[in-house]
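> the following comprises the amino acid sequence and a computationally predicted model.
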Amino acid sequence: MSTLRIVTVCGMGFGTSLMLKIAVEGILRKHGLRAEVIAWDLGSVKGQPADVLVTSRDLERHLAGTPARLVLIDNLTDKAELEQKLLPVLQALQHDGGQHGM
């Protein structure tokens, strides 16, 4: 199985995507999961390989049509929300083997 690639996305590629990256890495450690986690800005993410995109709900329209699975967060500071939404996606991808869509 290839390593899952999780990309955290924000409009400019600075604060929010880095904050989400750190939170995702913490969730992975907590659950003994492995994945490559990258923080990108919205402009850089298009056309790049990824299995999962984690971003705020307000960027959903910009990522429409992506083959990567979207994890849309309403409250970016709520780690419990992130964990609740991310874990089922990661578990499903582990069963599927990861694809690196996009």
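All right, it came through fine.
> what sits against residue 30?
Contacts for residue 30 (CB atoms under 8 Å, 6 or more residues apart in numbering) come out as residue 83. In short, each C-beta sits where N, CA and C put it, glycine included.
> cool, residue 89 as well?
By CB under 8 Å, 6+ apart, the contact set of residue 89 is 52, 69, 71.
> nearest to residue 36, of these?
Taking CB to CB as the measure, residue 36 lies nearest residue 52 of the contacts of residue 89, at 10.5 Å.
> pLDDT value on that closest one, please?
Note for residue 52: predicted pLDDT of 96.
> kindly state the beta-bridge partners for it.
residue 6, residue 69 (DSSP bridges).
> where does the protein dip in pLDDT?
Low-confidence regions of the chain, defined by pLDDT under 70, span residues 1, 13, 96-102.
> now do the strands in it.
Here the chain has its strands, by DSSP state E, at 5-10, 36-41, 52-56, 69-73.
> quick check: the gap between the closest residue to residue 10 other than its chain neighbours and residue 94.
Of all residues not flanking residue 10 in the chain, residue 16 sits nearest, at 3.5 Å (CB to CB, 6 or more residues apart in numbering). Using CB to CB, to the nearest Å, residue 16 is found at 26 Å from residue 94.
> so which of those two has more stuff around it?
The neighbour count for residue 16 versus residue 94, taken as other CB atoms under 10 Å, is higher for residue 16 (20 against 14).
> the more buried one: what's it in contact with?
When contacts are counted by CB under 8 Å, 6+ apart, residue 16 touches 8, 10, 56, 76.
> beta-bridge partners for the third one, please?
In this entry, residue 56 is beta-bridged to residue 73, by DSSP bridges.
> thank you kindly, that will do.
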